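Enquirer: Generate a structure from the sequence data that follows.
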Amino acid sequence: MAKFLMLGKYSVDAVKGIKSERTKKVVNAVQKSGGKVNQMYTLLGGYDIVFIVDFPGNAGAIKASIAITKLTGIGLTTCPAIPVEDFDKILEA
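Expert: The predicted structure follows:
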C-alpha cells in the first residue's frame, strides 16, 4: 500500500457540517475506496485538515478524494508520500 496525504480546506458550508458523525463517514469513504486511514489532524495555516492514508494505488486515492469532497464540501489536495529512504534509493539508481 502507498501512503498519501489528503490536505483539506474548509468551505463555509463544510464548516457548518463539522461533527463527529461526518468524520466517521469520511473514514468509511476511504475504506470503500480500498484505503485505510492512519491519522487525521486539524491544522493551522494554509490547510485546515490532513488525512494520512494508505491506498493500493492512485485510483483509490482519487476516488476517495472526490467522494469526500462530495460528502463534506472540503476541498482536498491529495499527494503521494514517498518515504525518504525510498527517495534516496531512487536517486542512487
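Enquirer: From now on I want contacts and neighbour counts done on CA atoms only, so please keep to that.
Expert: OK.
Enquirer: So which residues of the protein form strands?
Expert: 2-9, 36-42, 49-55, 75-81 (DSSP state E).
Enquirer: remind me, longest helix of the chain?
Expert: Ordering each helix of the chain by length in residues (DSSP state H) puts helix 58-72 first.
Enquirer: Could you give the bridge partners of Asp54?
Expert: Beta-bridge partners recorded for Asp54 (DSSP bridges): Lys3, Lys36.
Enquirer: So it sits against Met6, correct?
Expert: No: with contact defined as CA atoms under 8 Å, Asp54 does not reach Met6; the gap is 10.5 Å.
Enquirer: returning to that earlier point: just how off-centre is the longest helix of the chain within its chain?
Expert: On the basis of CA atoms, centre = their mean, to the nearest Å, helix 58-72 sits 8 Å off its chain's mean C-alpha point.
Enquirer: shift numbering so it begins at 47
Expert: Renumbered: residue one is now 47, and that last one reads helix 104-118.
Enquirer: that older thread, make TSV out of the strands of the chain and add mean pLDDT and mean neighbour count.
Expert: Shown next, in TSV, are those (pLDDT from 0 to 100; neighbours: other CA atoms under 10 Å):
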stretch	mean pLDDT	mean neighbour count
strand 48-55	97	20
strand 82-88	98	13
strand 95-101	98	21
strand 121-127	96	17
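Enquirer: export those strands to CSV and tack on distance to Ile114?
Expert: Output for these, formatted as CSV (distance: least, CA to CA, whole Å):
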stretch, distance to Ile114
strand 48-55, 10
strand 82-88, 13
strand 95-101, 11
strand 121-127, 8
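Enquirer: wait, which of these is closest to Glu138?
Expert: Closest to Glu138 of the strands of the chain, according to CA to CA: strand 121-127, at 18.6 Å.
Enquirer: Kindly export that closest one (C-alpha atoms) in CSV.
Expert: Extracted C-alpha coordinates of strand 121-127, given in CSV (Å, rounded to 0.1, in the frame of the first residue of the first chain):
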residue,chain,number,x,y,z
GLY,A,121,-11.6,20.8,-1.0
LEU,A,122,-8.8,18.3,-1.0
THR,A,123,-5.3,18.2,-2.4
THR,A,124,-4.2,14.6,-2.5
CYS,A,125,-0.4,13.9,-2.7
PRO,A,126,1.5,10.6,-2.7
ALA,A,127,4.1,10.4,0.1
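Enquirer: Okay then, goodbye and thanks.
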